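**Student:** just coords:
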């Protein structure tokens, strides 16, 4: 992956946002929601990204918003992938009745309409970041489980797995020691996709007012900008920074995912200079 310029760009951008989230108390010390200046002020030397309609510094709210949005995105991505992986491995390894039961469970969640279910669960559960994580995990694991199950079934049929079965290896040892290492690329892609979807879904729920409006995040920043009529009054600086951050993180994750695909899929790799030179010399010899 280090040879992929796209992947390295994605890693650098994502690392920059993670660093900003960790260093938020240093970069923008104090309460990000505090009233700092006259309301609705445009970007200036004192407030680089302007001021909201309530008089809050947009730069501080954007920096602190990275903490909540990235924490939720990473948490949901890891938990959803873990749940999907357990179900996928169990289905592929045990097969028969276990596979049938887990397939029915997965299909039930896949058939449920995602967005309405998100809205209903978020609306009836108490507001908070924990609720957002639970809601996004409940509605996001099924698709990943189907993909991971298919990959696990493919690996399950390999000779080295059959040899492990013959030698009497324990089921957990076979699933996590034999099958899982051969699914590393698809698991990595699944994590990145789940994180990406979680950040976007969190922002969407909070934009609709279904999150905890007392928590500063990119989604709540967009919610308050919408409530204050920022788009209609032309105060672009109150919603553009958070929206741009969401888009940049999504783009970075997509670039990393592409880099993973390049490494694991030879057809996507660019030939080296030596290989291109050899191809040209070969073509010249054929023409001659």
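**Tutor:** Nice, I can see it. No experiment lies behind these values; they were computed from the predicted model shown. Residues are numbered from 1 along each chain as shown.
**Student:** which strand or helix spans residue 186?
**Tutor:** helix 184-207 (DSSP states H and E).
**Student:** what is that helix packed up against?
**Tutor:** helix 58-94, helix 114-124, helix 129-156, helix 218-227, helix 240-264 (3 or more C-beta pairs under 8 Å, 6 or more residues apart in numbering; DSSP states H and E). C-beta here means a position set from N, CA and C on the backbone, and glycine is covered the same way.
**Student:** closest to residue 201 out of those helices?
**Tutor:** helix 129-156 (5.5 Å; C-beta to C-beta).
**Student:** what average pLDDT does that closest one get?
**Tutor:** In this model, helix 129-156 has a mean pLDDT of 88.
**Student:** tell me what that helix is packed against?
**Tutor:** Packed next to helix 129-156, using 3+ C-beta pairs under 8 Å, 6+ apart, are helix 58-94, helix 96-111, helix 114-124, helix 184-207.
**Student:** which one of these lies closest to residue 35?
**Tutor:** Closest to residue 35 of the helices and strands packed on helix 129-156 is helix 58-94 (C-beta to C-beta; 11.6 Å).
**Student:** angle of that closest one against helix 184-207?
**Tutor:** Using axes from the mean of the first three to the mean of the last three C-alpha atoms, to 10 degrees, the direction of helix 58-94 lies 130 degrees away from that of helix 184-207.
**Student:** mind showing which ranges of the stretch 1-150 of the chain have poor pLDDT?
**Tutor:** Within the stretch 1-150 of the chain, the ranges that satisfy pLDDT under 70 run 1-4, 113-115.
**Student:** mind putting the helices and strands packed on helix 184-207 into JSON lines with mean neighbour count?
**Tutor:** Below are the helices and strands packed on helix 184-207 laid out as JSON lines (neighbours: other C-beta atoms under 10 Å):
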{"stretch": "helix 58-94", "mean neighbour count": "22"}
{"stretch": "helix 114-124", "mean neighbour count": "15"}
{"stretch": "helix 129-156", "mean neighbour count": "20"}
{"stretch": "helix 218-227", "mean neighbour count": "23"}
{"stretch": "helix 240-264", "mean neighbour count": "19"}
